[in-house]
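Visitor: Sequence unavailable; structure follows:
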């Protein structure tokens, strides 16, 4: 039988170890989804640039959360998030409203492709869809209904369109007190023209003006090789490679863009 002091020490060690074990389990679930067979070889290859395990762990993803992903695009992160949340949580894709006329053609194409995959593939069987085409369609659900809102490389577009403050306000509204806003965004100097790069200060101010508190930042998606001075902005780099074969090897060697990774929290009061 353990003596009282030894028993106390053993209990404290067990309690301290429990969160580590839980975190390890979540990371394993993310890793499994990120490398699973439902993902294309091209998407899996991008894990080296987008670091899904480290990024989602930094944001504090848990399998029982209600998570809204904003403008999921080609579903790169959706392929990871939906399986992790499928059994105990809720994944919500805030995609473009295909019934709203006058949008760029790619929005209708992406929405149709998303809906098709959600209807046909088992890993998306419990995924939900919200229509989100700001500034016309901005509702993300009942106020205080989400644990986490995630946005990956979207903020530059909202800044360009002059709607970023409204968008971040909608994030704040839908999150529960204590909820997390996770932002990954191309990071660079503030320059003239539309390059896709924005400064960390711009993003932090947007979130703070909406009511969020900056809780932490990570360099997991940093890329010091990114010089951020390209003819076609961030789209010069992979995966876009907008210049085609021109200096292709150079841009492939640089890799994907330098990105900020910021975790904000909605205050509990």
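Guide: Great, that's in hand. Keep in mind it's a predicted model, so treat the numbers as computed, not measured.

Visitor: now the helices for the stretch 51-200 of the chain?
Guide: Assigned helices in the stretch 51-200 of the chain, in chain order: 52-59, 78-85, 105-120, 155-161, 164-174, 200-210 (criterion: DSSP state H, counting those that start in this stretch).

Visitor: Kindly reformat those helices as JSON lines and extend each row with mean neighbour count and distance to residue 260.
Guide: (Each C-beta comes from the backbone N, C-alpha and C, glycine too.) Shown next, in JSON lines, are the helices of the stretch 51-200 of the chain (neighbours: other C-beta atoms under 10 Å; distance: least, C-beta to C-beta, whole Å):
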{"stretch": "helix 52-59", "mean neighbour count": "21", "distance to residue 260": "11"}
{"stretch": "helix 78-85", "mean neighbour count": "26", "distance to residue 260": "20"}
{"stretch": "helix 105-120", "mean neighbour count": "14", "distance to residue 260": "24"}
{"stretch": "helix 155-161", "mean neighbour count": "18", "distance to residue 260": "9"}
{"stretch": "helix 164-174", "mean neighbour count": "20", "distance to residue 260": "15"}
{"stretch": "helix 200-210", "mean neighbour count": "17", "distance to residue 260": "5"}
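
Visitor: of those, which approaches residue 146 most closely?
Guide: helix 164-174 (4.9 Å; C-beta to C-beta).

Visitor: Out of the helices of the stretch 51-200 of the chain, which gets nearest to residue 31?
Guide: Residue 31 sits nearest to helix 52-59 of all the helices of the stretch 51-200 of the chain, at 5.1 Å, using C-beta to C-beta.

Visitor: picking that back up, now the helices of the stretch 51-200 of the chain as TSV including distance to residue 136 and mean pLDDT?
Guide: Shown next, in TSV, are these (distance: least, C-beta to C-beta, whole Å; pLDDT from 0 to 100):
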stretch	distance to residue 136	mean pLDDT
helix 52-59	28	98
helix 78-85	23	98
helix 105-120	12	94
helix 155-161	12	95
helix 164-174	11	98
helix 200-210	19	98
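
Visitor: need those helices in TSV with distance to residue 91, can you?
Guide: What follows is the helices of the stretch 51-200 of the chain, written out as TSV (distance: least, C-beta to C-beta, whole Å):
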stretch	distance to residue 91
helix 52-59	12
helix 78-85	4
helix 105-120	10
helix 155-161	21
helix 164-174	14
helix 200-210	22
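
Visitor: Out of those helices, which gets nearest to residue 234?
Guide: helix 155-161 (8.0 Å).

Visitor: packing partners for the closest one?
Guide: Applying 3 or more C-beta pairs under 8 Å, 6 or more residues apart in numbering; DSSP states H and E, we find helix 155-161 packed against helix 164-174, strand 175-186, helix 200-210.

Visitor: Residue 72 is nearest to which of the helices of the stretch 51-200 of the chain?
Guide: Taking C-beta to C-beta, helix 78-85 is the member of the helices of the stretch 51-200 of the chain nearest to residue 72, at 4.7 Å.

Visitor: Hey, what's the angle from the closest one to helix 105-120? Just curious.
Guide: Orientation of helix 78-85 against helix 105-120 (axes from the mean of the first three to the mean of the last three C-alpha atoms, to 10 degrees) gives an angle of 40 degrees.

Visitor: Now do helix 78-85 against helix 52-59, angle only.
Guide: Counting by the same axes, to 10 degrees, helix 78-85 lies at 60 degrees to helix 52-59.

Visitor: wait, residue 133 sits on residue 101?
Guide: No - using C-beta atoms under 8 Å, residue 133 is not in contact with residue 101; the gap is 10.6 Å.
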